[in-house]
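Chemist: model this:
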Amino acid sequence: MFQPALLSAFESLETPFYYYDMSLLHKTLDLYTFCLKKYGYHAHYALKANANDRILDAMRTAGLGADCVSGNEVALALQSGFSPDKIVFAGVGKSDKEIKTALEGNIFSFNVESIPEMERINELAAGMGKVANISLRLNPDIDAHTHKYITTGLAQNKFGISPWMFGEVWEVLERSKHLALIGLHFHVGSQITNMSVFKTLCERVRVLQQWFLDKGAVLSVVNLGGGLGVDYQSPLEHPIVDFASYFDIIHKNLPLLPGQEIHLEPGRALVAQSGFLIGRVLYVKKGKGIKFAILDAGMNDLIRPSLYGAQHHILNLSSAGRMMRYDVVGPVCESSDRFAKSVLLPQVSRGDFIALCSTGAYGQVMSMRYNQRDLAESYYSDRLLP
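Modeler: Numbering: from 1, shown residues only. Below is the predicted model of the structure:
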């Protein structure tokens with residue numbers, strides 16, 4: 001993957017920067033869209049994972065829609081050429097401005113998360129002379145067995161509508177003439193690697209949707225959200241998720257009713273493994289019983305390790321020397337600016353290129369200018385290599 005020609009190209013670039021393997025991205029998309037077509041499912045790419053223009057162009061070209069969680073993401077999806085009838089808008093705190101942006105854009109559906117939100121969308125739609133399609137985001141109270149910060153489907157999480165609210169929800173729907181209920185929406189968490197979670201979700205969907213079917217609601221859409229995880233420990237050995245098993249679980253455990261569609265919201269699983277944060281070693285510093293490899297890349301470039309202890313596979317691209325242990329850290333004035341502790345790497349020297357793998361999702365899109373540091377640039381394989 002990191003052949004000599006690529007490392008030679010890196011020499012002329014200012015570090016740190018994000019590098020995207022576009023060949024891997026397109027191969028991943030090909031496999032995913034093959035599964036979509038096999039089962040007749042629909043997908044909306046989650047912009048929050050990575051909103052780079054080249055990434056968005058690849059998703060749109062592959063035929064995916066857009067899953068947005070802010071008004072600005074809705075606007076970006078429209079500007080990037082995504083068809084409005086493939087754009088969905090989720091989030092627990094949609095402002096009036098954001099709702100109006102989506103209404104003006106004539107998007108496919110709002111994934112509605114609360115009764116007050118339903119009432120506000122109805123009021124704003126009425127004022128604009130529109131009817132808003134909505135899918136109710138239900139909280140299925142399922143433990144996704146992932147990090148507590150990215151679990152979203154438990155009863156104590158802020159997301160979604162719980163079953164005990166269904167009666168009031170129905171009353172609001174009956175009097176809201178500018179809302180059209182088209183489906184149900186679910187999302188139980190991110191970085192889910194235990195496939196049994198998705199089986200449990202499908203079983204729970206069948207139970208929860210029955211309440212609405214008993215009311216005579218015609219549900220054309222069942223949106224299962226995203227959450228499929230990637231292999232952060234061995235990304236080079238497992239660069240593409242086992243999409244076949246994921247789709248097979250859904251197909252076997254969630255039979256569709258006549259006229260019903262399954263919609264999905266992939267993000268991380270499509271883009272994570274194709275992205276790399278590339279930095280250089282500034283200094284190798286000896287500590288008490290440890291060596292620090294101090295990079296020019298920091299937590300402002302990749303906050304996941306500092307935010308929730310995420311672990312990324314790390315490569316020394318410049319050395320094949322004997323293996324030694326290092327704390328790999330950044331230059332930011334925070335003790336939490338650490339990518340890995342006591343990691344084995346080929347002997348590190350000043351100027352070595354270090355790659356942090358699996359950073360195509362929730363990497364560059366979450367970067368910031370803390371300490372007034374520059375934002376990392378983006379570079380792509382198909383423009384760096386002949």
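
Chemist: Contacts only, for the nearest residue to residue 71 once chain neighbours are set aside.
Modeler: Counting by Cβ to Cβ, 6 or more residues apart in numbering, residue 98 is the residue found nearest to residue 71 once chain neighbours are left out, at 3.0 Å. C-beta coordinates here come from the backbone N, C-alpha and C atoms, glycine included. Each residue near residue 98 by Cβ atoms under 8 Å, 6 or more residues apart in numbering is listed here: 70-71, 74, 89, 91.

Chemist: Next step: those residues restricted to helices.
Modeler: Judged by DSSP state H, helices contain the following of the contacts of residue 98: 71, 74.

Chemist: For the contacts of residue 98, which two are the farthest from each other?
Modeler: Greatest spatial distance in the contacts of residue 98: 74 and 91, 10.2 Å, computed using Cβ to Cβ.

Chemist: Look at these two and report which has more neighbours.
Modeler: For residue 74 versus residue 91, neighbours defined as other Cβ atoms under 10 Å are more numerous around residue 74 (27 against 20).

Chemist: what's the closest of the contacts of residue 98 to residue 248?
Modeler: Distance to residue 248 across the contacts of residue 98 (Cβ to Cβ) is lowest for residue 89, with 29.5 Å.

Chemist: which residues touch the closest one?
Modeler: Taking Cβ under 8 Å, 6+ apart, we find residue 89 in contact with 68-69, 74, 98, 102, 107, 109-111.

Chemist: and these, which are buried?
Modeler: Buried members of these, scored by 16 or more other Cβ atoms under 10 Å, are 68-69, 74, 98, 102, 107, 109-111.

Chemist: All the helices of the stretch 151-300 of the chain, in order from the start?
Modeler: Counting by DSSP state H, counting those that start in this stretch, residue ranges of the helices within the stretch 151-300 of the chain are 166-175, 196-214, 243-253, 268-271.

Chemist: What are the contacting residues of the last one?
Modeler: The one in question is helix 268-271. Against helix 268-271 from outside (Cβ under 8 Å, 6+ apart): 25, 28-29, 32, 45-46, 49-50, 55, 59, 190-191, 226, 228-230, 241, 243, 360-362.

Chemist: From the residues you listed, which land in strands?
Modeler: Counting by DSSP state E, those place 45-46 in strands.

Chemist: Now residue 187: closest residue in space, sequence neighbours ignored.
Modeler: Leaving aside its sequence neighbours, residue 187 sits nearest to residue 225 (Cβ to Cβ, 6+ apart; 2.9 Å).

Chemist: before we move on, the earlier item: okay if I get the buried ones among the contacts of residue 89 as a markdown table plus pLDDT, distance to residue 204 and secondary structure?
Modeler: Shown next, in a markdown table, are these (pLDDT from 0 to 100; distance: Cβ to Cβ, whole Å; DSSP: H, G, I helix; E, B strand; the rest coil):
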| residue | pLDDT | distance to residue 204 | secondary structure |
| --- | --- | --- | --- |
| 68 | 98 | 25 | strand |
| 69 | 97 | 23 | coil |
| 74 | 98 | 29 | helix |
| 98 | 98 | 29 | helix |
| 102 | 98 | 28 | helix |
| 107 | 98 | 27 | coil |
| 109 | 98 | 21 | strand |
| 110 | 98 | 22 | strand |
| 111 | 96 | 17 | strand |
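
Chemist: Same list (the residues you listed) but as JSON lines, adding distance to residue 8.
Modeler: Formatted as JSON lines, the buried ones among the contacts of residue 89 follow (distance: Cβ to Cβ, whole Å):
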{"residue": "68", "distance to residue 8": "39"}
{"residue": "69", "distance to residue 8": "40"}
{"residue": "74", "distance to residue 8": "41"}
{"residue": "98", "distance to residue 8": "46"}
{"residue": "102", "distance to residue 8": "46"}
{"residue": "107", "distance to residue 8": "45"}
{"residue": "109", "distance to residue 8": "48"}
{"residue": "110", "distance to residue 8": "49"}
{"residue": "111", "distance to residue 8": "46"}
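
Chemist: Pick out the most distant pair among those residues.
Modeler: Farthest-apart pair in the buried ones among the contacts of residue 89 is 98 and 109; separation 14.5 Å (Cβ to Cβ).

Chemist: just to revisit the earlier point, which stretch among the helices of the stretch 151-300 of the chain comes nearest residue 366?
Modeler: Using Cβ to Cβ, the nearest of those to residue 366 is helix 268-271, at 12.3 Å.
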